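**Q** Next input, structure requested:
(one chain, ligands or ions: 1)
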Amino acid sequence: VSDLPEPLQAELARVAGLPRVMVCSDFDGTLSQIVLVPDDARPIAGAVATLDGLARLPETECVLISGRTVAALGQLSGAGPDIVLVGSHGAEFSTGFATQVDDDQRALRERILSATTAIADDVAGVRLEVKPISVAVHVRQTAPDQAEQVLAAVRSGPATWPGVHVTEGKQVIELAVQPVDKGTAIESLREQFGADAVVFLGDDVTDERGFAVLAPGDIGIKVGDGATAAQYRVADPESALSALDVLLSGRRAQRP
Ligand SMILES: [Mg+2]
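**A** From the prediction side, this is the model:
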């Protein structure tokens, strides 16, 4: 706890005492270390226990929000049933209201898949991830010069098509057939839950859309380096977990 900035600790203590609180966290790089093989990602020790603890508190919503599919997020995180899972950057919700995909969008996703398959062909280490409304092209395991060529071909190719919504992250470019982002998802969850404050933690470029929708009185925590609109920054997933632990213990103490 001592590694958290003093103003952040004070804000977490204040929010812990509010009636209805929603905690949203990214997974990869925020509550897990970034790994070379995406399926090897696991939450850091203690993370799931803290998330479950928050989720079980009354008037407290606990959300994991990720670029991964809901299925992969549930499996890799080991999150219990009390934790709401939001996948595909906000296009899929474990609570049921997944985005509707029409025939045109499904056809567009197939065209995107064909084009990205052609681009990735013969390049070692490129991984295509097909999700309900998007195709993500991962180049983390690709040689750096080839990775840049693949990303450039995607940017100048299918990424320019009408109806395609582009999200770039670290070593990944994602092409979606609907506009989705974590900010829209957080806003809609906030409204449904009626949260008095939102706490959001994230490490990547895509999380900036989430920080952008936070209001005065909310808490945004950027994990690691890089430009950010978040008010607070912590160094690593361990410190991110410390922040969640401060919130959990504060809420337990103030709302017995
Ligand atoms: Mg992340």
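**Q** hey, where'd the helices end up in the stretch 101-250 of the chain?
**A** 103-120, 144-156, 182-193, 208-212, 237-254 (DSSP state H, counting those that start in this stretch).
**Q** could you dump those helices to a markdown table with distance to residue 47 and mean neighbour count?
**A** Yep, even glycine has a C-beta here, placed from its N, CA and C like the rest. Formatted as a markdown table, those follow (distance: least, C-beta to C-beta, whole Å; neighbours: other C-beta atoms under 10 Å):
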| stretch | distance to residue 47 | mean neighbour count |
| --- | --- | --- |
| helix 103-120 | 32 | 16 |
| helix 144-156 | 29 | 15 |
| helix 182-193 | 19 | 19 |
| helix 208-212 | 18 | 20 |
| helix 237-254 | 5 | 20 |
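**Q** which stretch in these is the model least sure about?
**A** Mean pLDDT is lowest for helix 182-193 among the helices of the stretch 101-250 of the chain, at a mean of 91.
**Q** roughly how far is it from the heart of the chain?
**A** Mean-position distance between helix 182-193 and its chain equals 13 Å (C-alpha atoms, centre = their mean, to the nearest Å).
**Q** is any part of it close to the ion?
**A** No - using C-beta under 5 Å from the ion, we find that helix 182-193 stays clear of the ion, coming within 10.1 Å at best.
**Q** Determine the set of other helices and strands touching that helix.
**A** On a contact count with 3 or more C-beta pairs under 8 Å, 6 or more residues apart in numbering; DSSP states H and E, helix 182-193 meets strand 21-25, strand 60-65, strand 84-87, strand 197-202, helix 208-212.
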